[in-house]
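In: Could you work out the structure for the sequence below:
(one chain, ligands or ions: 1)
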Amino acid sequence: MRDLTGKTAFVTGGASGIGLALGKAFAEAGMKVMLADIEMDALDAAVKGLGNSDVRGVVCDVSNPDSVEGAAKTTFDTFGKVHVVCNNAGVAAGGGIDAISLDSWKWVLDVNLMGVLHGIRSFLPHIRAHGEGGHIVNTASMAGMVSGLGFSPYHASKFAVVTMSEGLAVQLQPLGIGVSVLCPGFVRTRIGESARNRPEQYGAPTTLDPASPAAALVAQIAQLIESGLDPAFVAAQVLNAIRENELYIFTHPEMRAEAEQRFTAILAAMDKAAKR
Ligand SMILES: NC(=O)c1ccc[n+]([C@@H]2O[C@H](COP(=O)([O-])OP(=O)(O)OC[C@H]3O[C@@H](n4cnc5c(N)ncnc54)[C@H](O)[C@@H]3O)[C@@H](O)[C@H]2O)c1
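Out: Below you'll find the predicted structure:
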């Protein structure tokens, strides 16, 4: 989508971090914006903070298909057509590969994977029907490109978002609807405090022994996030990718070696198989 002016964007996880930066960048590009988030106070503050009558907010839990459907309806009622959908809300829970509770697995997959699916299911029929073109941006992560220890549900959810986006891009290409998958490394946001929005139904977060390797990993990641990229930079790359219709959005080219290591190991195993 070359021209974004006057178009409408729907952004989940819009009350904080990357989602909020996306909302700001879309508004600055002359778009109408609906920020959707599970945290009502933060959402209200985000909408007020942007101070633009074309930016609105809707409370929405992306893990719940009815809630996403309701948010979509509110957006259609408010702005008419929607062109850009950013399935961006996400949470992280760590705790060591053999110590992550089933509840944590369910929570992370419900938000990070099913949340993306619900967004696609609620908005795609509408975008197809209005025929003006559109673009879907799914937020994955470099954790969807390379594997790591300690945040297994997070990696699993992000790998799934990458493959889902790749498939969707092929499916929608003939319809003139673009798809991008956002794969950042560390970004300065509140993702490390994801438990602030963990619904009761998923139980309490795992309490880590401060002396454990898992706690050390969580602390190390918190530091990397603290010194991570400015979300505004990430948002600018997303706008660029929408305009240029680019599938992969990478913001941390310095992580190339990690991706290369994985792909090289896969290709080496293929070569070995070919020789057998
Ligand atoms: N920060 C990073 O280093 C980083 C790196 C790669 C990918 N990401 C991804 O970026 C996306 C945005 O996260 P962020 O880093 O801006 O974190 P953040 O915590 O600052 O923002 C996430 C937002 O999602 C909302 N949210 C949580 N559960 C929700 C639900 N069930 N329904 C609706 N909204 C919900 C939160 O309230 C919050 O406003 C996530 O998908 C995350 O996995 C972040």
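
In: how about S141, what does it touch?
Out: For S141, the contact set (Cβ atoms under 8 Å, 6 or more residues apart in numbering) comprises G90, Y154, K158, C183, P184, G185. To be clear about C-beta, it is placed using only N, CA and C from the backbone, and glycine gets the same treatment.

In: Which two among the residues you listed are spaced furthest apart?
Out: Farthest-apart pair in these is G90 and G185; separation 14.3 Å (Cβ to Cβ).

In: Neighbour count for those two, which is higher?
Out: G90 (27 against 21; other Cβ atoms under 10 Å).

In: hmm, back to that, keep the contacts of S141, but drop any that are not near the ligand.
Out: G90, P184 (Cβ under 6 Å from any ligand atom).

In: worst-scoring helix or strand of this protein, pLDDT-wise?
Out: helix 213-226 (a mean of 89; mean pLDDT, DSSP states H and E).

In: Identify all contacting residues around stretch 244-257.
Out: Residues contacting stretch 244-257 (Cβ under 8 Å, 6+ apart): 1, 135, 137, 142, 146, 165-166, 169, 178-187, 229, 233-234, 237-238, 240-241.

In: again, only using 6 Å
Out: Here stretch 244-257 makes contact (Cβ atoms under 6 Å, 6 or more residues apart in numbering) with M142, A169, G178, S180, L182, C183, P184, G185, V234, Q237, A241.

In: The stretch 51-200 of the chain: strands as residue ranges?
Out: Here the stretch 51-200 of the chain has its strands, by DSSP state E, counting those that start in this stretch, at 55-59, 84-87, 134-139, 177-183.

In: what about the residue nearest to S101 when sequence neighbours are not counted, distance to S67?
Out: Using Cβ to Cβ, 6 or more residues apart in numbering and skipping residues adjacent in sequence, the residue nearest S101 is T206, 5.7 Å away. Going from T206 to S67 by Cβ to Cβ, to the nearest Å gives 26 Å.
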